[in-house]
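Peer 1: next input, structure requested:
(4 chains)
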Number of protein chains: 2
Amino acid sequence: MPSITHAVEDYLKAIWKLSHQTGGEKVPVGDIAIHLGISAPSVTGMVQKLKGMRLLHYTRYGGVSLTPRGRKIALEIVRHHRLWELYLYTRLGVPLERVDKEAERLEHVLSDDMEDLLSRALGDPKRDPHGDPIPTKAGAMERLKGIPLSRLKPGAAATVTRISDRHADKLRYMVSLGLLPGVRVSVIERAPFRGPITLKIGNSRCAIDPDLADLVLVSAGAPPRRAAAAPRRSRRK
Amino acid sequence: MPSITHAVEDYLKAIWKLSHQTGGEKVPVGDIAIHLGISAPSVTGMVQKLKGMRLLHYTRYGGVSLTPRGRKIALEIVRHHRLWELYLYTRLGVPLERVDKEAERLEHVLSDDMEDLLSRALGDPKRDPHGDPIPTKAGAMERLKGIPLSRLKPGAAATVTRISDRHADKLRYMVSLGLLPGVRVSVIERAPFRGPITLKIGNSRCAIDPDLADLVLVSAGAPPRRAAAAPRRSRRK
DNA sequence: ATAGTGCTTTAGGCTAGCCTAAATGTCAAG
DNA sequence: CTTGACATTTAGGCTAGCCTAAAGCACTAT
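Peer 2: Next up is the predicted model:
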């Protein structure tokens, strides 16, 4: 019986992500290939193997979906990933746009005992620094609520709940604007034809592209009760 | 040109350790095999590959020794390992006898940037929680000074500087005795014929086997100025 | 010297994961 | 219902690392 290698974990996580964000059931093999940057034939091969391990359902030309076992493992990796992200961000001061890449490697290297210690050291957090929910150890995950910032009507105010971690460069830009989870924003103006959206973030204002605003989730009324803990950057040297 | 894989890092670290602790120049292939738990033929194969990468010197039947390049990489891994150990111990409260195994996996997963952040977060430490010196980024390492506790004369007092991390079970026992770096000990009595050594550790006394005492290094007069920071175990639940 | 003993190396094989090229299935549009 | 476009799978190959079995070297003791 084959074991859960790093590669297996990567596949399961990718499949989970893809089915999670599209909401769809079946995930096409090609999408997995693109997401992981691996050739389609390689993915077919691995998928057949994972089917043999009963980690996913698969029919030729029919796409894949995770079994409960597969989903459990996927969520475990997601939990590891997000715990590490939070740790890197709040404790080591790793810049937000870099935590994803670092956590990508660390997520595979976290024993069960250490997972507990890490979680506890962080105060058993519910969200990672991007605002994404951290699955519980049992494999339950809070639903992401909120609407894209791009959908917010002019004049409306809201609180950022989550910023997408997909594109490091865009993320860095958002950070530079102060567009972070827990921050209060309001829409001042929206140009027609998907033109720029003018925002007030804190006390400053700026205009951003709606494509960028798509990546930001906001929650209507919620006050910024508890932002993800700020990093304590060491100031020495 | 082959790349520095995890396996390569493990080999270099093993060779460095073996040549470092024997003080000898050439390391026999068989020793590497035993140390890594890998068959001798596999080691021969890898060693030939590493020679091709100019990371070590090797002649058939003649053992191996690291080139400067190889040593640089080995020390980098050792640095990673010891930084992680200290981090796990002082920040996450991982038990001392477990940090080695955990760090074994983490050491391969530490980017250059993160190494700096980690080191800084720890206050650019010089020692790991066992008392072993942490190599500098440039690849320089302080020499371990001190004598084995087993060599200490009755009546003499000293400070523990380092306890071996080789055997997790023995390490756990030492921890339970309070035999930790920075702790003051004195020899009350030594039974003849390598019999048990009776010690005073702090305010309590105990008798230990000289084989165990071999694993503890002590420094004659040094006062316990700064022990490796104690773990702050969370007390919740 | 020479045989034995014990490393060490060669030879040959295996698995995991990846690749490219070529074949095959699916589906929509004519 | 046929064809083209495109996704997917099969076939065949590669590298990294590991293994076992058998051959080869070196050193010691007769």
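Peer 1: next, the contact list for residue A:170, please.
Peer 2: By Cβ atoms under 8 Å, 6 or more residues apart in numbering or on different chains, the contact list for residue A:170 reads A:164, A:212, A:215. C-beta here means a position set from N, CA and C on the backbone, and glycine is covered the same way.
Peer 1: mean confidence for stretch A:14-23?
Peer 2: The pLDDT scores in stretch A:14-23 average 93.
Peer 1: quick one: the helices in chain A, in order.
Peer 2: A:6-22, A:29-36, A:40-52, A:68-87, A:96-106, A:112-121, A:168-177, A:210-213 (DSSP state H).
Peer 1: okay if I get those helices as TSV plus distance to residue B:115?
Peer 2: What follows is the helices of chain A, written out as TSV (distance: least, Cβ to Cβ, whole Å):
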stretch	distance to residue B:115
helix A:6-22	21
helix A:29-36	27
helix A:40-52	32
helix A:68-87	16
helix A:96-106	11
helix A:112-121	19
helix A:168-177	20
helix A:210-213	32
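Peer 1: closest one to residue B:122 out of the contacts of residue A:170, please.
Peer 2: For the contacts of residue A:170, the closest approach to residue B:122 (Cβ to Cβ) belongs to residue A:164, at 32.1 Å.
Peer 1: separation between that closest one and residue A:80?
Peer 2: Noted for residue A:164: a distance of 20 Å to residue A:80, by Cβ to Cβ, to the nearest Å.
Peer 1: quick one, which of those two is more surrounded?
Peer 2: residue A:80 (24 against 18; other Cβ atoms under 10 Å in any protein chain shown).
Peer 1: who in chain A is up against chain B?
Peer 2: Counting by Cβ under 8 Å from any Cβ of the partner chain, the positions of chain A adjacent to chain B are A:88, A:91-94, A:98, A:102, A:105-106, A:109, A:111, A:113-114, A:117-118, A:120-121, A:234, A:236.
Peer 1: residue contacts, the residue of chain A found nearest DNA strand D?
Peer 2: Residue nearest to DNA strand D within chain A (Cβ to the nearest atom of the strand): residue A:30, separated by 2.3 Å. When contacts are counted by Cβ under 8 Å, 6+ apart, residue A:30 is found next to A:40, A:43.
Peer 1: how near is the closest residue to residue A:134 other than its chain neighbours to residue A:91?
Peer 2: What sits nearest to residue A:134 in space, not counting adjacent residues and going by Cβ to Cβ, 6 or more residues apart in numbering or on different chains, is residue A:82, at 4.4 Å. Per Cβ to Cβ, residue A:82 is found 14 Å from residue A:91.
Peer 1: look at those two and report which has more neighbours.
Peer 2: The residue with more neighbours, out of residue A:82 and residue A:91, is residue A:82; 26 against 18, by other Cβ under 10 Å.
Peer 1: where does the more buried one land on pLDDT?
Peer 2: For residue A:82, the predicted pLDDT is 98.
Peer 1: just the pLDDT for residue A:233.
Peer 2: With respect to pLDDT, residue A:233 scores 47.
Peer 1: over to residue A:2?
Peer 2: 81.
Peer 1: before we move on, back to that, drop anything exposed from the residues of chain A next to chain B.
Peer 2: With burial judged by 16 or more other Cβ atoms under 10 Å in any protein chain shown, the buried subset of those is A:88, A:91-92, A:94, A:98, A:102, A:105-106, A:109, A:114, A:117-118, A:121.
Peer 1: grab the two from these that are most spread out in space.
Peer 2: Greatest spacing in these, by Cβ to Cβ: A:98 and A:117 (23.5 Å).
Peer 1: tally up the residues packed near the residue of chain A found nearest DNA strand C, please.
Peer 2: Per Cβ to the nearest atom of the strand, residue A:5 is where chain A lies closest to DNA strand C, at 2.6 Å. Applying other Cβ under 10 Å, we find 10 residues neighbouring residue A:5.
Peer 1: flag every residue of chain A that's near DNA strand D.
Peer 2: Applying Cβ under 7 Å from any atom of the strand, we find that chain A lies next to DNA strand D at A:28-31, A:40-41, A:43-45, A:47-48, A:58, A:60-63.
Peer 1: now, of the residues you listed, which are buried?
Peer 2: Those of the residues of chain A next to DNA strand D that meet the buried threshold are A:28, A:29, A:31, A:43, A:44, A:47, A:58, A:63, by 16+ other Cβ under 10 Å.
Peer 1: close to DNA strand C, is stretch A:17-31?
Peer 2: No - on the criterion Cβ under 7 Å from any atom of the strand, stretch A:17-31 is out of touch with DNA strand C, staying 10.7 Å away.
Peer 1: with just CA atoms, put that stretch into CSV.
Peer 2: Extracted as CSV, the C-alpha positions of stretch A:17-31 are listed here (Å, rounded to 0.1, in the frame of the first residue of the first chain):
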residue,chain,number,x,y,z
LYS,A,17,-8.7,23.9,-3.7
LEU,A,18,-10.1,23.6,-7.2
SER,A,19,-13.3,21.9,-6.3
HIS,A,20,-13.7,24.3,-3.4
GLN,A,21,-13.3,27.5,-5.3
THR,A,22,-15.4,26.4,-8.3
GLY,A,23,-17.9,24.9,-6.0
GLY,A,24,-18.2,22.2,-8.7
GLU,A,25,-18.1,18.5,-7.9
LYS,A,26,-15.8,17.0,-10.5
VAL,A,27,-12.4,18.6,-11.2
PRO,A,28,-10.9,18.2,-14.7
VAL,A,29,-7.5,16.5,-14.9
GLY,A,30,-6.3,19.4,-17.0
ASP,A,31,-7.0,22.0,-14.3
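Peer 1: pull out the buried residues from it.
Peer 2: For stretch A:17-31, the neighbour count (16+ other Cβ under 10 Å) marks A:17, A:18, A:19, A:20, A:27, A:28, A:29, A:31 as buried.
Peer 1: tell me the one of those residues nearest residue A:75?
Peer 2: residue A:20 (9.9 Å).
Peer 1: could you list the low-pLDDT ranges of chain A?
Peer 2: Scanning chain A for pLDDT under 70 picks out A:221-237.
Peer 1: I'd guessed residue A:40 sits against residue A:29; true?
Peer 2: Yes - using Cβ atoms under 8 Å, residue A:40 is in contact with residue A:29, at 6.1 Å.
Peer 1: show me which residues of chain A sit near DNA strand C.
Peer 2: Within chain A, the positions near DNA strand C by Cβ under 7 Å from any atom of the strand are A:2, A:5-8, A:10, A:37-39, A:41-42, A:45-46, A:49, A:60-61.
Peer 1: taking those residues, tell me the two that lie furthest apart.
Peer 2: Longest span within those, Cβ to Cβ: A:6 and A:61, 28.0 Å.
Peer 1: from residue A:160, how far off is residue A:131?
Peer 2: 7 Å.
Peer 1: so for the two, which residue has more residues nearby?
Peer 2: Set side by side, residue A:131 and residue A:160 show more neighbours around residue A:160, with 25 against 22, by other Cβ under 10 Å.
Peer 1: surely that one touches residue A:183?
Peer 2: Yes - look at residue A:160 against residue A:183 with Cβ under 8 Å: they come within range, at 4.9 Å.
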